[in-house]
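1. Let's see this in three dimensions:
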Amino acid sequence: MKLQKGKFSKFGVTFHPEGGNKVDWENLTKEEITKKLEELNFVKPLELAKILLETQIFKESKKNKQTGEVNRYYSEASDFGGQLELGGRNNVPHYQIWIELTSKNTATKILKYYSYLLYGKEYHIDDTEDES
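-> This next block holds a predicted model:
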């Protein structure tokens, strides 16, 4: 995926279950898909909504000249939406979401932030290659 350069306040993001690329999703029933997502510890819809609501991506810190106190500022979610869906070609379950933030950020920063929250680690994001 080629990431757009620059800063934006609106993003579309897709989240897949970690380890889901090793599952034959096409041959599972909806009940089996639900069970497999639980086995893979894939985030549940209400948990994802909470993560999106509580978004706080560090923006900057400024020192108050009078008091010397350092204030930290964050970009927060001002709106979001999305759904859990099954892929059309291979039935792979994933979240397709959009989020609007209170200030502009880079796509790489957003993806790293949510990768850490959803998967507990920061994934390498290649913003130089285009897979198309």
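
2. List of residues touching stretch 50-57?
-> Stretch 50-57 is touched from outside by 43, 74-77, 80, 97, 99, 101, 105, 109-110, 113-114, 117-118, with contacts defined as Cβ atoms under 8 Å, 6 or more residues apart in numbering. All C-beta atoms are positioned from the backbone trio N, CA, C, and that covers glycine.

3. What about these, which are in strands?
-> Among the contacts of stretch 50-57, the residues falling in strands (DSSP state E) are Tyr74, Ser75, Glu76, Ala77, Phe80, Ile97, Ile99, Leu101, Asn105.

4. Let me know how buried the closest residue to the first one other than its chain neighbours is, in neighbour terms.
-> So the one you mean is Tyr74. Nearest in space to Tyr74, with sequence neighbours left out and distances taken as Cβ to Cβ, 6 or more residues apart in numbering, is Gln56 at 4.2 Å. Neighbourhood size, Gln56 [other Cβ atoms under 10 Å]: 12.

5. Ok, Trp98 next?
-> Trp98: 13 neighbours (other Cβ under 10 Å).

6. That one against Gly12, yeah?
-> Yes. Contact criterion Cβ atoms under 8 Å: Trp98 and Gly12 qualify, at 5.0 Å.

7. Span of stretch 59-69 from start to end?
-> Start-to-end span of stretch 59-69 (Cα to Cα, to the nearest Å) is 17 Å.

8. For the residue most central in space within the chain, give me its contacts.
-> By Cα atoms, centre = their mean, the mean C-alpha position of the chain lies nearest to Tyr114, the distance being 4.0 Å. By Cβ under 8 Å, 6+ apart, Tyr114 lies in contact with Val13, Phe15, Ile51.

9. Having no further points to raise, I will conclude here.
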